[in-house]
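Trainee: predicted model and sequence follow; I will ask about them next.
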Amino acid sequence: MALLALAGADDLAARARQVRDALLRGDQVAARDGVERLYRTVRRSWLLRWSLRGVLVLGQSDLERHGLPEGCRGDAYDRLLSMVQRVRVEVGGTGPVLVDDGVFPWQMVPHLVTGLELATVRLAVASLSLGPFPVAQEVRHA
């Protein structure tokens with residue numbers, strides 16, 4: 001999770017990579033244990049909460065105005081918890097099922113981050129957990 005690394009939580013970012021690697025190896029037990037430890041640590045981290053609270057706060061009206069998925073609601077800390085919770089549910093069935101409610105519209109990023117400082121923009125964009133940038137289709141003329 002890039003957001004953890006950008007927020008200066010290198011140890012937690014390394015732990016998230018270990019969970020990812022365990023999933024890629026097919027080691028469900030290690031992945032489940034790792035994500036549970038990650039979730040507890042993220043929830044208890046006052047430094048992460050302090051660093052990410054208030055970064056790109058999006059309410060219901062913002063979601064509707066910009067056509068954003070429900071998973072973007074809240075601030076960067078809320079979105080971080082949501083990301084980790086989503087992995088928890090997928091790996092071990094722990095907690096309520098979270099709906100991945102759509103693709104983030106890349107064209108909205110500039111509208112959301114205009115006026116923010118560069119460091120805040122980096123945190124804000126990482127908290128949105130964007131998918132790959134859509135590649136323009138190459139047009140061939142015959």
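Mentor: Here it is on my side, so go on.

Trainee: for the chain, where's the lowest mean pLDDT among helices and strands?
Mentor: helix 109-113 (a mean of 86; mean pLDDT, DSSP states H and E).

Trainee: any idea how far that one is from the chain center?
Mentor: Relative to its chain's centre, helix 109-113 lies at 16 Å (Cα atoms, centre = their mean, to the nearest Å).

Trainee: show me the contact partners of that helix.
Mentor: 56, 58, 66, 120, 121, 124, 125, 128, 130 (Cβ atoms under 8 Å, 6 or more residues apart in numbering). All C-beta atoms are positioned from the backbone trio N, CA, C, and that covers glycine.

Trainee: how about that helix: buried residues?
Mentor: 109, 112, 113 (16 or more other Cβ atoms under 10 Å).

Trainee: give the buried residues for the very next helix or strand once past it.
Mentor: Following helix 109-113 in sequence order, the next helix or strand is helix 118-127 (DSSP states H and E). For helix 118-127, burial by neighbour count (16+ other Cβ under 10 Å) applies to 121, 122, 123, 124, 125, 126, 127.

Trainee: centre of the chain to whichever strand or helix holds residue 78, how far?
Mentor: Take DSSP H and E as the rule and residue 78 turns out to sit in helix 76-92. Mean C-alpha position of helix 76-92 versus that of the full chain (Cα atoms, centre = their mean) differs by 8 Å.
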